[in-house]
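Colleague: Have a look at this prediction, sequence included:
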Amino acid sequence: MKLRLLTMSYLAQAHYIRGDYGRSIALALDNLAALPAAWIYETFGNTAPISNERISVFNSLGELGRFDEAVPHETEALRIADVVHDAFSVGRAYTGSALLHVRSGRWATARSRLERGIAAYWAGNISLGLYPVTAH
């Protein structure tokens, strides 16, 4: 089960990166539906919980202009990141949220989320997360 969850998570991310947002959403939502509630904060050896897959969901929805549908996924991803409270999870969730708000034209919200995400990456000394988002 754990291997399936990880594999499907990577597959959903690959479809997001390819620009196949509809497929990314479908795979991620199926994977999240299969995730037992007791495992919501589990990383399975990954850098962040599988439940942070919601970031791909809300960013894919944002790419498709479906901003209202993205809100519950964004809210839950930020909540999980704040509970887990590790630099990578917080940085990824908040910078992902910032990109969603850039796409929807909510500049003030985008800036505050981006600042929080960058601060988390700095605090955790995660340079890999810093360089792509600093330009935003």
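Modeller: On my side now, so go ahead.
Colleague: which stretches of this protein form helices?
Modeller: 2-18, 21-34, 54-63, 67-84, 87-103, 107-123, 127-134 (DSSP state H).
Colleague: which secondary structure elements does the last one contact?
Modeller: Taking 3 or more CB pairs under 8 Å, 6 or more residues apart in numbering; DSSP states H and E as the contact definition, the neighbouring helices and strands of helix 127-134 are helix 87-103, helix 107-123. All C-beta atoms are positioned from the backbone trio N, CA, C, and that covers glycine.
Colleague: how about the ones you listed in a markdown table, adding mean neighbour count, distance to Asp68 and mean pLDDT?
Modeller: As requested, those are arranged in a markdown table below (neighbours: other CB atoms under 10 Å; distance: least, CB to CB, whole Å; pLDDT from 0 to 100):
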| stretch | mean neighbour count | distance to Asp68 | mean pLDDT |
| --- | --- | --- | --- |
| helix 87-103 | 23 | 12 | 93 |
| helix 107-123 | 17 | 15 | 94 |
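Colleague: Any idea which residue is closest to the centre of this structure?
Modeller: Ile55 (2.2 Å; CA atoms, centre = their mean).
Colleague: So, low pLDDT: which residues of the chain?
Modeller: Where the chain drops to pLDDT under 70, the residues are 135-136.
Colleague: Please render the helices and strands packed on helix 127-134 as JSON lines that adds distance to Glu42 to the earlier fields.
Modeller: Formatted as JSON lines, the helices and strands packed on helix 127-134 follow (distance: least, CB to CB, whole Å):
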{"stretch": "helix 87-103", "distance to Glu42": "12"}
{"stretch": "helix 107-123", "distance to Glu42": "20"}
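Colleague: rewinding a little: to Phe44, which of the helices of the chain lies closest?
Modeller: Comparison of those against Phe44 by CB to CB identifies helix 2-18 as nearest, at 4.9 Å.
Colleague: From the contact counts, what lies against that closest one?
Modeller: Partner elements for helix 2-18 (3+ CB pairs under 8 Å, 6+ apart): helix 21-34, helix 54-63.
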